[in-house]
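K.L.:
Below: sequence and its predicted model.
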Amino acid sequence: MNTERMDRLVSLLNKHNLAGLALNPGPSLKYLTGLDFHLMERPTILLVTAVGSSAMILPALEKGKLEGKSPQFYVFTYSDDPSTWQIAFEKAVEKLNITQAKIGVEGGRMRFLELVYLEKALPEVQFVDGANVIGGLRMKKDDGEITKMRQAAKIAQEALLKTFQNIRQSMTEKQIANELIIQLLRSGSDDQMPFSPIVSIGENSANPHAVPSGKELAPGNLLLVDWGASFEGYFSDITRTFKFGEVSPELIRIGDIVLEANQAGRQAGKPGLKAGSVDQAARSVITGAGYGKYFIHRTGHGLGMEAHEPPYIYEENDFILAPGMTFTIEPGIYLPGKGGVRIEDDVLVTDSGLESLSDLPREVLPLEEFIR
């Protein structure tokens, strides 16, 4: 258990008038305990109260993960017999002396499976969204976390360059994506990557979340690659767009506009400013160039132990940026039936502005410069 992080969590629980927080397996549980559990058909829950006491409910077969860890929480296990599961939950809440209160949960992660057992064990407790608590807990990264994110960006960039050494004309999006995964692992990425790489060619690049298909790389096409690596549980998320052979003048033009928008976004963010100001800076470049309706998503999202986490960089967001926060800046223009360009960097809020953790060339460069 990380004592400093637990102390901050207790402070946040009291600030938001919550009696506790219930976490099932995921980044937040790992952030607090250093323990990594997978979601499965058996329930697992960490309960933390606003007075600093905590309990873990988990299958007996997982107790081995606690050996040598000196956990600073009560442990309640159960067998494979489902009739024992509710008993473990009831013993845990009795030990923590939880009766009538509000308990926060991660709305995007808490499963019905665990919630049902909690509700039965705590019939007078109201379960509410604990997003503000989790966001406040993990949003500011410490030096160790930032070092891991730098390494994740370095691994991702090295892997893409190695991938390009092995691709040729007529390779499909799927083949390029698979080669990139191999190179990410060889370059040092954890096997649990932030997401499956997006590789899109030609008109497919006009779909921001395209799924790699059998479309082949051919002259006259853009190649958009959105990928990331994981290092010791921390992620990178980068996008670069390339041209293969001669592409249409309009695609070259939107590449120049998106590059300018990316630069504007990276220059706009500073401590004390609203997250929305970063979006506004990038978006105004694209809108001013006449392509505003083709920039169809927010400018960025927080990054860390998850590929998408607070803060979110959208125009209306009044959230105030502070040193230690990390997020993406990824403006794009998407022309249906023609192609799209996105340029994405991972940035860190410093005392004076934004520092980019990714530094691969951002221009829409000829793919031929990278292929051996």
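P.N.:
Alright, I've got the coordinates.
K.L.:
can you give me the helices in the stretch 51-200 of the chain?
P.N.:
Counting by DSSP state H, counting those that start in this stretch, one finds helices in the stretch 51-200 of the chain at the ranges 85-96, 112-121, 131-138, 143-164, 173-186.
K.L.:
Going by mean pLDDT, which of those comes out lowest?
P.N.:
Mean pLDDT values for the helices of the stretch 51-200 of the chain show the minimum at helix 131-138, a mean of 90.
K.L.:
what's that one packed up against?
P.N.:
Packing partners of helix 131-138 (3 or more CB pairs under 8 Å, 6 or more residues apart in numbering; DSSP states H and E): helix 3-15, helix 27-33, strand 309-313. C-beta here means a position set from N, CA and C on the backbone, and glycine is covered the same way.
K.L.:
Determine which of the ones you listed approaches Asn97 most closely.
P.N.:
Proximity to Asn97 (CB to CB) singles out helix 3-15 among the helices and strands packed on helix 131-138, at 15.1 Å.
K.L.:
Not counting that closest one itself, show me its contacts.
P.N.:
The contact list for helix 3-15 (CB atoms under 8 Å, 6 or more residues apart in numbering) reads 19-21, 31-32, 48-52, 54, 72, 104, 132-133, 136-137.
K.L.:
Then stretch 199-216?
P.N.:
Contacts for stretch 199-216 (CB under 8 Å, 6+ apart): 169-174, 176-177, 180, 196-198, 217-218, 220-225, 241, 296-297, 332, 334-342.
K.L.:
what about the chain, any weak spots by pLDDT?
P.N.:
Counting by pLDDT under 70, the ranges of the chain that qualify are 372.
K.L.:
ok, the residue lying closest to Leu32 once chain neighbours are set aside - how many residues close by?
P.N.:
With sequence-adjacent residues excluded and distances taken as CB to CB, 6 or more residues apart in numbering, Leu32 is closest to Arg5, at 5.6 Å. Using other CB atoms under 10 Å, Arg5 has 17 neighbouring residues.
K.L.:
Please shift the residue numbers so they start at 122 in all later answers.
P.N.:
OK, 122 is where the count begins now, so the last one is Arg126.
K.L.:
Arg126 and Arg259, how far apart?
P.N.:
9 Å (CB to CB, to the nearest Å).
K.L.:
anything in contact with each of those two?
P.N.:
By CB under 8 Å, 6+ apart, the residues touching both Arg126 and Arg259 are Tyr152.
K.L.:
Looking at the contacts of stretch 320-337, which are in strands?
P.N.:
319, 342-346, 362, 453, 455-456, 460-463 (DSSP state E).
K.L.:
Arg404: which of those is nearest?
P.N.:
Gly453 (10.9 Å).
K.L.:
Contact partners for that closest one?
P.N.:
329, 360, 379, 416-418, 461-464.
K.L.:
how about a cut-off of 7 Å?
P.N.:
Neighbouring residues of Gly453 by CB atoms under 7 Å, 6 or more residues apart in numbering: 329, 379, 416, 461-463.
K.L.:
One more: Ala252?
P.N.:
Neighbours of Ala252 in contact, by CB under 7 Å, 6+ apart: Gly228.
K.L.:
Check Lys151 too.
P.N.:
Lys151 neighbours (CB under 7 Å, 6+ apart): 157, 354.
K.L.:
what's the burial count for Pro333?
P.N.:
By other CB under 10 Å, 20 other residues sit near Pro333.
K.L.:
one step back: in JSON lines, list the ones in strands among the contacts of stretch 320-337 along with distance to Met426.
P.N.:
Output for those, formatted as JSON lines (distance: CB to CB, whole Å):
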{"residue": "Ile319", "distance to Met426": "21"}
{"residue": "Asn342", "distance to Met426": "35"}
{"residue": "Leu343", "distance to Met426": "32"}
{"residue": "Leu344", "distance to Met426": "29"}
{"residue": "Leu345", "distance to Met426": "26"}
{"residue": "Val346", "distance to Met426": "23"}
{"residue": "Thr362", "distance to Met426": "27"}
{"residue": "Gly453", "distance to Met426": "25"}
{"residue": "Tyr455", "distance to Met426": "29"}
{"residue": "Leu456", "distance to Met426": "35"}
{"residue": "Gly460", "distance to Met426": "33"}
{"residue": "Gly461", "distance to Met426": "29"}
{"residue": "Val462", "distance to Met426": "29"}
{"residue": "Arg463", "distance to Met426": "23"}
